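Colleague: Pasted the sequence and its predicted model underneath.
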Amino acid sequence: MKTRDTLRQEIRYQRSLLNTAQQAEQSLLLSKKLIKDKVVKGVKHIAIYLANDGELNTQPFINWCWQNSIAVYLPVIHPFSKGNLLFLKYTENSILVKNKYGILEPRLDVRNIITLAQLDIIFTPLVAFDPQGNRLGMGGGFYDRTLAAWHAQYQQNKEATPLPVGLAHDCQKVTAIPFESWDIPLPKIITPTTSYNFDI
Ligand SMILES: Nc1nc2c(c(=O)[nH]1)N(C=O)[C@@H](CNc1ccc(C(=O)N[C@@H](CCC(=O)O)C(=O)O)cc1)CN2
Ligand SMILES: Nc1ncnc2c1ncn2[C@@H]1O[C@H](COP(=O)(O)OP(=O)(O)OP(=O)(O)O)[C@@H](O)[C@H]1O
């Protein structure tokens, strides 16, 4: 099996081959798909991400959320708790700053923080996924840490909030991801063409 680093490099390269027109088209397809999906029905608070490194652009879907009174939150690298994320409200008026990876995030302001328990869905970025719902990210372990408590609860009840939903281009699906003990698989991943549900 390929190593995690090889897989990461290969899929990041595949993703980078999508041109601007393809990215725009896929992003609109995703938005249309999400708007119709039952997981989005009735939600009030969602966490999502701003695209980086060829990731599927989420802005068309975010615009729809804003128009439909769904509050949107973005991950912010925790200023001192290493490897952890905070989630801050994102509106049209948010002041954004670049984090250490060059990704735009809301400027830290404690008044805009939401707790995980208050979120309905966390849409997660990812580099690769496999038919078991395994997720390979950029390598920081940020979402694995964020979702560890959720996973423990889900394994007991087959139900827990917030629901994590991965978003990815179709080209990010691979046959198998070498699994590590800390990896948190996802119960659902949505691409511009397909909704996958995984029995995790
Ligand atoms: N859009 C988006 N936002 C996100 C994530 C993500 O995957 N996508 N993250 C998901 O966890 C967190 C940031 N994690 C990241 C981890 C590594 C790299 C990265 O570019 N690493 C470089 C080398 C690292 C360095 O510069 O020190 C690389 O691999 O080339 C980027 C984001 C929070 N925000
Ligand atoms: N729950 C956790 N507690 C402590 N360390 C963790 C946890 N989850 C992951 N890590 C550490 O984080 C590092 C990176 O993990 P990994 O390569 O799986 O990240 P990733 O899933 O690709 O990234 P991300 O979740 O940020 O997109 C690993 O060294 C791992 O030991």
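Modeller: Okay, I see it. Ligands and ions are numbered 1, 2, ... in the order given.
Colleague: mind checking the end-to-end distance for stretch 99-107?
Modeller: Using C-alpha to C-alpha, to the nearest Å, one end of stretch 99-107 lies 9 Å from the other.
Colleague: can you check stretch 34-51 too?
Modeller: One end of stretch 34-51 to the other measures 16 Å (C-alpha to C-alpha).
Colleague: wait, does it make contact with ligand 2?
Modeller: No - where contact is defined by C-beta under 6 Å from any ligand atom, no part of stretch 34-51 touches ligand 2; the two come within 9.8 Å at best. Every residue, glycine included, has its C-beta placed from N, CA and C.
Colleague: So that stretch, near ligand 1 or not?
Modeller: Yes - judged by C-beta under 6 Å from any ligand atom, stretch 34-51 comes into contact with ligand 1 at 49-51.
Colleague: quick one: buried residues of that stretch?
Modeller: Buried residues in stretch 34-51, counted by 16 or more other C-beta atoms under 10 Å: 34, 39-40, 43, 45-51.
Colleague: about what we covered before: with secondary structure as new columns, can the residues of stretch 34-51 next to ligand 1 be given to me in TSV?
Modeller: TSV is the format used below for those (DSSP: H, G, I helix; E, B strand; the rest coil):
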residue	secondary structure
Tyr49	coil
Leu50	coil
Ala51	coil
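Colleague: Wasn't Ala21 part of a helix?
Modeller: Yes - in this structure, Ala21 lies within a helix as judged by three-state DSSP.
Colleague: and of the residues of stretch 34-51 next to ligand 1, the nearest to ligand 2?
Modeller: Set against ligand 2, the nearest of the residues of stretch 34-51 next to ligand 1 by C-beta to the nearest ligand atom is Tyr49 (9.8 Å).
Colleague: and the closest one, what does it touch?
Modeller: 55, 58, 74-75, 103, 123-125 (C-beta atoms under 8 Å, 6 or more residues apart in numbering).
Colleague: And the pLDDT for the spatially most central residue of the chain?
Modeller: Compute the mean C-alpha point of the chain, and by C-alpha atoms, centre = their mean the closest residue is Thr124, 1.2 Å away. According to the prediction, Thr124 has pLDDT 98.
Colleague: now swap in Lys2 and tell me
Modeller: Reported pLDDT for Lys2: 81.
Colleague: just checking, it touches Pro178?
Modeller: Yes - using C-beta atoms under 8 Å, Lys2 makes contact with Pro178 at a distance of 7.4 Å.
Colleague: rewinding a little: confirm for me that the residue nearest to the centre of the chain is in contact with Leu163.
Modeller: No - the criterion here is C-beta under 8 Å, and Thr124 misses it with Leu163 at 10.7 Å.
Colleague: what are the bridge partners for the closest residue to Leu104 other than its chain neighbours, then?
Modeller: Residue nearest to Leu104 in three dimensions, not counting chain neighbours: Leu96, with 4.3 Å by C-beta to C-beta, 6 or more residues apart in numbering. Beta-bridge pairing of Leu96 under DSSP bridges involves Pro106.
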